[in-house]
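**Student:** Turn this into a structure:
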Amino acid sequence: MKYDFLIVGSGLFGSVFAHEMTKKGKKCLIIEKRDHIGGNVYTEEVENINVHKYGAHIFHTDKKEIWEYINQFADFNRYTNSPVANYNGELYNLPFNMNTFYQMWGVKTPQEAKDIIEKQKSEANIENPKNLEEQAISLVGKDIYEKLVKGYTEKQWGRKCEELPSSIIKRLPVRFIFDNNYFNDLYQGIPMGGYTKIIEKMLDGIEVKLNTNFFDDKAKWMDMADTILFTGMIDEYYDYCFGELDYRGLNFEFETLDMENYQGNAVVNYTDAETPYTRIIEHKHFEGSESPKTVITKEYPKTWVKGEEAYYPINDEKNSELFKKYQELASKEEKVVFGGRLGMYQYFDMWKIIEESLKLVEKFD
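**Tutor:** Reported below is the predicted structural model:
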């Protein structure tokens with residue numbers, strides 16, 4: 001049977017595209033190598049708690065049209081992302097705001113906080129930051145950098161801050177008000193019932209084959225449809241002909257605990273270098289789930305190796321140049337288009353994934 005579109009991957013990008021093209025009367029087939037739909041936004045119910053299986057996913061956007069689009073598929077709560085940082089047992093509110101500065105220095109006014117930060121910045125005397133460490137200190141001073149940026153960032157990227165490009169943190173959110181809301185976006189929330197239900201609604205009536213790897217029989221799948229949307233790794237699609245792009249990997253360690261409340265917050269970042277994980281997520285706080293138990297996840301970033309799940313593209317200069325070579329190959333394709341974080345080699349938030357997918361839909365109008 002011939003399809004109009006074969007979509008490789010059932011994550012948010014592929015699911016939005018399949019939903020929209022099906023509405024236009026096109027016949028779509030989705031193949032997914034995992035044993036579930038939804039890609040990294042997949043949620044699974046455990047002990048009456050919707051567990052984010054691939055890390056915390058908090059939907060946020062400034063774009064009303066994207067907010068209205070996603071709200072077709074779920075009711076969203078008013079969850080506000082307000083992570084807490086744990087540095088060797090000291091607790092600090094994030095993002096950096098007056099609560100953080102009071103906890104760090106005991107200051108009570110914005111001017112007192114500004115004075116300390118400016119003093120530390122001038123002492124560092126960094127005019128042209130050459131790396132992430134210098135960039136961070138030139139933005140927020142030494143204390144905040146050493147306690148809340150350095151250890152976390154080095155675990156996240158697997159490299160010393162002085163070896164990382166300054167571009168990774170062109171700016172750090174610093175607020176001289178008492179406000180723990182991590183995002184500045186107008187719209188923010190968590191879908192009640194989890195993200196998997198959103199994907200199920202998007203894919204209602206669309207044929208999906210799970211546990212199906214495109215590369216096990218590439219020729220067969222290429223012949224299956226007029227157009228292929230590939231949302232996997234673009235370098236893998238081209239058999240790494242120019243070499244491997246770099247990604248960061250993640251390990252997730254799940255625990256179901258016989259208690260109602262483990263840490264009192266959905267996300268706690270561990271910003272010291274000694275703790276091996278970057279954060280602990282307590283899933284019930286996303287939706288205020290009622291349960292006598294709780295489920296937590298510890299996240300361990302790691303070096304990605306070929307064959308493992310890739311999570312974060314590393315958009316440094318070397319990889320950006322390599323990606324351009326793959327992009328050039330992709331631009332010559334007649335029946336294959338690439339989408340999503342891995343296909344476009346970009347770290348996209350969920351709202352941006354939806355926007356990019358809808359842009360691709362318009363190209364086929």
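**Student:** Show me where the protein has its helices.
**Tutor:** Remark: helices of the chain, listed N- to C-terminal, are 12-23, 64-70, 98-105, 110-124, 132-140, 142-144, 150-157, 195-202, 218-222, 234-237, 284-287, 317-331, 340-343, 350-363; assignment by DSSP state H.
**Student:** and Ala56, which of those helices is closest to it?
**Tutor:** For the helices of the chain, distance to Ala56 was read as Cβ to Cβ. The smallest value, 7.7 Å, belongs to helix 284-287. All C-beta spots, glycine's among them, are computed from the backbone N, C-alpha and C.
**Student:** Pull the number of nearby residues for Tyr240.
**Tutor:** By the criterion of other Cβ atoms under 10 Å, Tyr240 has 13 neighbours.
**Student:** I'd like the average pLDDT over stretch 269-289.
**Tutor:** The average pLDDT within stretch 269-289 is 97.
**Student:** picking that back up, with respect to burial, which of the helices of the chain scores highest?
**Tutor:** Per-residue neighbour counts averaged over each of the helices of the chain give the maximum for helix 340-343, namely a mean of 26 (mean count of other Cβ atoms under 10 Å).
**Student:** What helices and strands are in contact with it?
**Tutor:** For helix 340-343, the contact count by 3 or more Cβ pairs under 8 Å, 6 or more residues apart in numbering; DSSP states H and E identifies helix 12-23, helix 234-237 as packing neighbours.
**Student:** could you redo the last one with a cut-off of 7 Å?
**Tutor:** Applying 3 or more Cβ pairs under 7 Å, 6 or more residues apart in numbering; DSSP states H and E, we find helix 340-343 packed against no helix or strand.
**Student:** Pull the residues that contact that helix.
**Tutor:** Contacts made with helix 340-343 from outside it, assessed by Cβ atoms under 7 Å, 6 or more residues apart in numbering, are listed as 9, 11, 13-14, 230-234, 310, 313, 347-348, 353.
**Student:** try it again with 10 Å
**Tutor:** Contact with helix 340-343 is made by 8-9, 11-14, 17, 39-40, 229-237, 245, 247, 309-313, 326, 330, 336-337, 346-349, 352-353, 356-357, as judged by Cβ atoms under 10 Å, 6 or more residues apart in numbering.
**Student:** cool, and stretch 120-129?
**Tutor:** Contact with stretch 120-129 is made by 133-145, 165-167, 169-170, as judged by Cβ under 10 Å, 6+ apart.
**Student:** what about stretch 16-25, average pLDDT?
**Tutor:** For stretch 16-25, mean pLDDT rounds to 98.
**Student:** how far does it sit from the chain's center?
**Tutor:** Counting by Cα atoms, centre = their mean, to the nearest Å, stretch 16-25 is centred 24 Å from the centre of its parent chain.
**Student:** Could you list the alpha-carbon positions for it in CSV?
**Tutor:** Only the C-alpha atoms of stretch 16-25 are listed here, as CSV (Å, rounded to 0.1, in the frame of the first residue of the first chain):
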residue,chain,number,x,y,z
VAL,A,16,1.7,17.4,14.7
PHE,A,17,2.6,16.9,11.1
ALA,A,18,0.7,13.6,10.7
HIS,A,19,-2.3,15.1,12.4
GLU,A,20,-2.4,18.2,10.1
MET,A,21,-1.7,16.3,6.9
THR,A,22,-4.4,13.7,7.8
LYS,A,23,-6.9,16.6,8.2
LYS,A,24,-6.0,17.6,4.7
GLY,A,25,-7.0,14.2,3.4
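**Student:** Show residues contacting stretch 308-315.
**Tutor:** Contact partners of stretch 308-315, identified using Cβ under 10 Å, 6+ apart, comprise 33-34, 40, 54-55, 156-159, 164-165, 167-168, 232-236, 244-251, 299, 301-302, 304, 319-320, 323, 341-342, 344-348.
**Student:** for it, which positions count as buried?
**Tutor:** Residues of stretch 308-315 classed as buried: Ala310, Tyr311, Tyr312, Pro313, Ile314, Asn315 (neighbour count, 16 or more other Cβ atoms under 10 Å).
**Student:** In PDB, list the C-alpha atoms belonging to it.
**Tutor:** Listed in PDB are the C-alpha atoms of stretch 308-315, where the atom choice follows Å, rounded to 0.1, in the frame of the first residue of the first chain:
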ATOM      1  CA  GLU A 308      22.300   5.000  22.300                       C
ATOM      2  CA  GLU A 309      19.500   7.500  22.600                       C
ATOM      3  CA  ALA A 310      20.600  11.100  21.700                       C
ATOM      4  CA  TYR A 311      19.000  13.900  23.700                       C
ATOM      5  CA  TYR A 312      20.800  17.200  23.200                       C
ATOM      6  CA  PRO A 313      22.600  18.400  20.100                       C
ATOM      7  CA  ILE A 314      25.800  20.100  20.900                       C
ATOM      8  CA  ASN A 315      25.700  23.200  18.800                       C
END
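**Student:** What count of nearby residues applies to Asp258?
**Tutor:** Residues within reach of Asp258, counting by other Cβ under 10 Å, total 7.
**Student:** And for it, nearest residue in space, chain neighbours not counted?
**Tutor:** On the basis of Cβ to Cβ, 6 or more residues apart in numbering, the spatially nearest residue to Asp258 that is not a chain neighbour turns out to be Lys293, at 5.9 Å.
**Student:** same question, Ile199
**Tutor:** Taking Cβ to Cβ, 6+ apart as the measure, Ile199 lies nearest to Gly38, with 4.3 Å between them; neighbours along the chain are not counted.
**Student:** What residues does Asn211 make contact with?
**Tutor:** For Asn211, the contacting residues are Ile31, Glu32, Lys33, Arg34, Asp35, His36, taking Cβ under 10 Å, 6+ apart as the criterion.
**Student:** can you rerun that using 6 Å?
**Tutor:** Listed by Cβ atoms under 6 Å, 6 or more residues apart in numbering, the contact set of Asn211 reads Asp35.
**Student:** Brilliant, that's me finished.
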